[in-house]
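# can you look at this prediction? I've put the sequence above it.
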Amino acid sequence: MKRTKKPLALLLTLLAVAALLLPPRAAEAEGREVMFLALEENVLPVGSGGMPFWSGGYLYVPASIFASSLRGESGISAIINDDKRVAVLYEPGRSLYFEYDLNYAYDDATTYYPGAVLRGGSVYVPLSVVAQFFGKIYSVSKVNHGQLAWLRRADFGLDEKYFADIAGASMESRYQQYMQQFAAPAGSGSGSGAQTPAAPETPPEETPPEETQKGAEVFLTFTPEDDVSALLDVLQSYRAGAAFVVSPEWMETETDSLRRIAAEGHSILIELTGPEDFEAGSEILIRENIPLTHLYYATDGYDAPEIPGCVPLSGFALFREDLDSAVAAGDLMGVLTPGGRTRVLLLGDATASGLRQFLQLLNHDEGHALTLTESDLP
């Protein structure tokens, strides 16, 4: 017994010493969790095109995985045009459009919520919308080193647990390839005393200045007193985004309009006149299967308290006149900053004709009316 214990004790000691000698960066990276992506039977390289992420209950994946050989046998292809700010996912006979400035995707007849988002200069699309449009199914499961998001045809024939088991070796290989970027460079081991000579600094290349954008980016916000249906018709015809400040009472009685606001990719802000309004509005959204909002606007002098996970509507240029005529539309254009982001809150009434005139002027000035999200707030 003594002869077997000694080698075992020595082995444990050597393992402990080796762990202490690991470079701190490598030791820290060893526990890094990742999101694996699989299309049909193919596990993609980890982080190809960017790491997927969760936001608002939706899993977003880089659109670029459908624009290269990485897509495997999914049958879905993509064209990404950053100049025109649009990504198109398609298969023979049908196309799904993700305009960067819209909060929804669309085809020839229908809109799908939510739309694409930009992160780190790359465009990401919600996996649930892609699956719905192209008749696929997807799942997210816990696996070694993180999670696995798997998009496949409905008749693939394997459940996610069995697929994760048989794809385990492929995921391990992808993970090790990914982790190599966190390994310490050769010759930089701790305690060796060796130092790698610093590489000579390369002067940064001069790049021509970017062309200044001519038109303004505008966040329009309307109130429930406005003719919501007519305003939505105009916004849809111009493919413009907006936000609607609605009270729980209005939400309760105008559920059709509420669902249309969400379905067409516009933002919903809960109007607060007291502490109970936010919870009441959230309950209605849950009941109507509408994604919960993180935005609110306090009125009538109510000083809204801090609400966990939510942000107030603030930092906006106030436009206190009605947007009900060509003159009012021109006045509103006059408060915009050319080439900048202008946050405009309409405290007066708006009509379809006034909004149409404003969007015509905005388009002529090469501007955009965007859908407000919490990430747009200062």
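That came through, no problem. Residues are numbered from 1 along each chain as shown.
# so what's the residue nearest the centre of the chain bridging to?
Against the mean C-alpha coordinate of the chain, by CA atoms, centre = their mean, the closest residue is Val117 at 3.8 Å. Under the criterion DSSP bridges, Val117 forms beta bridges with Tyr124.
# that one touches Tyr60, doesn't it?
Yes - Val117 is within contact range of Tyr60, at 6.1 Å (criterion: CB atoms under 8 Å). For glycine as for every other residue, the C-beta is placed from the backbone atoms N, C-alpha and C.
# for Arg356, see how far away the residue nearest to the centre of the chain is.
Val117 is 28 Å from Arg356, where distance means CB to CB, to the nearest Å.
# in the stretch 51-200 of the chain, what residue spans correspond to helices?
Assigned helices in the stretch 51-200 of the chain, in chain order: 127-133, 160-166, 168-179 (criterion: DSSP state H, counting those that start in this stretch).
# deepest in the core, which of the ones you listed is it.
The highest mean neighbour count among the helices of the stretch 51-200 of the chain, using mean count of other CB atoms under 10 Å, belongs to helix 127-133: a mean of 18.
# re the thing from before, okay, and the common contacts of Val117 and Tyr60?
Listed contacts common to Val117 and Tyr60 are Tyr124; contacts here mean CB atoms under 8 Å, 6 or more residues apart in numbering.
# before we move on, back to that, so what's the residue nearest to the centre of the chain up against?
Ser55, Tyr60, Val123, Tyr124.
# same check, this time on Tyr113
Residues in contact with Tyr113, defined by CB under 8 Å, 6+ apart, are Asn103, Tyr104, Ala105, Val129, Ala262, Ala263, Glu264, Gly265, Pro291.
# are any of the residues you listed buried, and which?
Buried by 16 or more other CB atoms under 10 Å: Asn103, Tyr104, Ala105, Val129, Ala262, Glu264, Gly265, out of these.
# what's the burial count for Phe278?
Neighbour count for Phe278, taken as other CB atoms under 10 Å: 20.
# for it, which three-state class applies?
Look at Phe278: counting by DSSP: H, G, I helix; E, B strand; the rest coil, its state is helix.
# low-scoring stretches of the stretch 251-378 of the chain, by residue?
By pLDDT under 70, the low-scoring segments of the stretch 251-378 of the chain are 299-321, 343-348, 373-378.
# now do the stretch 51-200 of the chain
In the prediction, the stretch 51-200 of the chain carries residues with pLDDT under 70 at positions 68-74, 182-200.
# can you give me the strands for the stretch 1-150 of the chain?
For the stretch 1-150 of the chain, the strands defined by DSSP state E, counting those that start in this stretch occupy 34-39, 42-43, 53-55, 58-62, 77-81, 86-91, 94-99, 105-106, 111-112, 117-119, 122-126, 136-143, 146-153.
# so what strands line up beside the fourth one?
Okay, so that is strand 58-62. Counting by DSSP bridges, the strands paired with strand 58-62 are strand 53-55 (antiparallel), strand 122-126 (antiparallel).
# out of the contacts of Val117, who has the most neighbours?
Using other CB under 10 Å as the neighbour criterion, Tyr124 leads the contacts of Val117 with 25 neighbours.
# in this structure that one contacts Tyr58, no?
No - between Tyr124 and Tyr58 there is no contact under CB under 8 Å: 9.8 Å.
# using JSON lines, please lay out the helices of the stretch 51-200 of the chain together with distance to Leu258.
Converted to JSON lines, the helices of the stretch 51-200 of the chain look like this (distance: least, CB to CB, whole Å):
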{"stretch": "helix 127-133", "distance to Leu258": "20"}
{"stretch": "helix 160-166", "distance to Leu258": "34"}
{"stretch": "helix 168-179", "distance to Leu258": "42"}
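# identify whichever of these lies nearest to Ala230.
Of all the helices of the stretch 51-200 of the chain, it is helix 127-133 that lies closest to Ala230, at 27.5 Å by CB to CB.
# apart from its neighbours in sequence, what residue is nearest Phe156?
Nearest residue to Phe156, sequence neighbours excluded (CB to CB, 6 or more residues apart in numbering): Glu40, at 7.1 Å.
# check Arg174 too.
Nearest in space to Arg174, with sequence neighbours left out and distances taken as CB to CB, 6+ apart, is Val46 at 5.0 Å.
# from memory the one you found sits against Gln176, does it?
No - using CB under 8 Å, Val46 makes no contact with Gln176, being 9.5 Å away.
# on that earlier part again, can you tell me which of the contacts of Val117 comes closest to His145?
The closest of the contacts of Val117, once distances to His145 are taken by CB to CB, is Tyr60, at 20.1 Å.
# how near is that closest one to Gly120?
Using CB to CB, Tyr60 is found at 12 Å from Gly120.
# same question for Phe53.
Phe53 is 10 Å from Gly120, where distance means CB to CB.
# likewise Glu283?
Distance, Glu283 to Gly120, by CB to CB: 36 Å.
# same check, this time on Arg152
With CB to CB as the criterion, Arg152 and Gly120 are 27 Å apart.
# neighbour count winner among these two?
Neighbour count, other CB under 10 Å: between Arg152 and Gly120, Arg152 has more, with 22 against 8.
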